[in-house]
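**Student:** Take this sequence and fold it.
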Amino acid sequence: AATAAAAAATAAARRRAVQEAIDTLCPDGLPTPALAEVLPSGIGFHHAGLSEPERRLVEWCFCQGLLTVLTATSSLAAGVNLPVRVVVFRRLSQAGLNLSPAAYRQMAGRAGRTGLCSRGEAYVLAISDGELRSAQTLLSIPLPPIESSLSQPDGVARLLLEATAARLVQNKHGVAALLGATLLHTQRPEETSRMGVAALRQLVDARMLMCRRPPVPTLTLTPP
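**Tutor:** Okay, the predicted model is just below:
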């Protein structure tokens, strides 16, 4: 009886906390009625179809321990750190395509995030021998080498344009410091300065940037 009473009290406290979070983060109500139905029970879902306030609400409730189960699409695969202990894959495909080793590890890596959980576990639900073999193959494939996206065409030019627009860099020293802190500089230090100068010339020629002292200056980067 005492255990049942404690469980009931915990459930009631959770419902109150969830309602307070809804009132604070979604004062105009939830556009998704199903979300309002399941959140008080400690269950949530997260996908790109939710409004931005709804996604923030779900993430906040999960971080506060108000949700014990969260079903999600790949919208949570990157960029959101949550105190997840276990990740369960219902299938190893997405939009009709098999998951790549990198995508699987990115999603599985939501569990056991450093500073949030002491450990993490990932499970794959395989309901046939074929799915089991696919899972075993996926787990055994090594990850491809990580390469800087700045090596792609216009990668450095886009970085410099965005950094300038955000006022993160305003002169050649800022450009050099920015490029010197990139993965590209770590992987290809002998080429980064040349690529930076080429990107600056490209932006100046396109009249996206102005160089007060033409021509475009050389860049000196600190060795990685």
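
**Student:** tell me which helix or strand of this structure sits lowest on mean pLDDT?
**Tutor:** Of all helical and strand segments in the chain, the minimum by mean pLDDT, DSSP states H and E falls on strand 93-94, at a mean of 82.

**Student:** surely His46 meets Leu57?
**Tutor:** No: between His46 and Leu57 there is no contact under CB atoms under 8 Å: 9.9 Å. Just so you know, the C-beta spots here come from the backbone N, C-alpha and C atoms, and that holds for glycine as well.

**Student:** Identify all contacting residues around the least confident helix or strand of the chain.
**Tutor:** With contacts defined as CB atoms under 8 Å, 6 or more residues apart in numbering, strand 93-94 is touched by Ser74, Leu99, Ala103.

**Student:** Most neighbours among these, which one is it?
**Tutor:** Highest neighbour count within the contacts of strand 93-94, by other CB atoms under 10 Å: Leu99, with 21 neighbours.

**Student:** Nearest residue to Thr182 in space, please, no chain neighbours.
**Tutor:** In this structure, Thr182 finds its nearest non-sequential neighbour in Leu150, 6.0 Å apart by CB to CB, 6 or more residues apart in numbering.

**Student:** who's in contact with that neighbour?
**Tutor:** Val156, Leu159, Thr182, Leu183, Leu184, Met195.

**Student:** so which of the residues you listed comes closest to Thr137?
**Tutor:** Nearest to Thr137 among the contacts of Leu150 is Leu183, at 28.9 Å by CB to CB.

**Student:** next structured bit after the longest helix belonging to the chain?
**Tutor:** Longest helix in the chain, counting residues (DSSP state H): helix 2-25. Remark: after helix 2-25, the chain's next helix or strand is helix 33-38, criterion DSSP states H and E.

**Student:** Can you name every helix or strand that that next one contacts?
**Tutor:** Other helices and strands packing on helix 33-38, by 3 or more CB pairs under 8 Å, 6 or more residues apart in numbering; DSSP states H and E, are strand 43-46, helix 52-63.

**Student:** what angle do the last one and helix 2-25 make?
**Tutor:** This points to helix 52-63. 150 degrees (axes from the mean of the first three to the mean of the last three CA atoms, to 10 degrees).

**Student:** If you drop the residues flanking it in sequence, what lies closest to Val88?
**Tutor:** Per CB to CB, 6+ apart, closest to Val88 is Tyr123, 4.9 Å.

**Student:** Since that was my last question, I'll sign off now.
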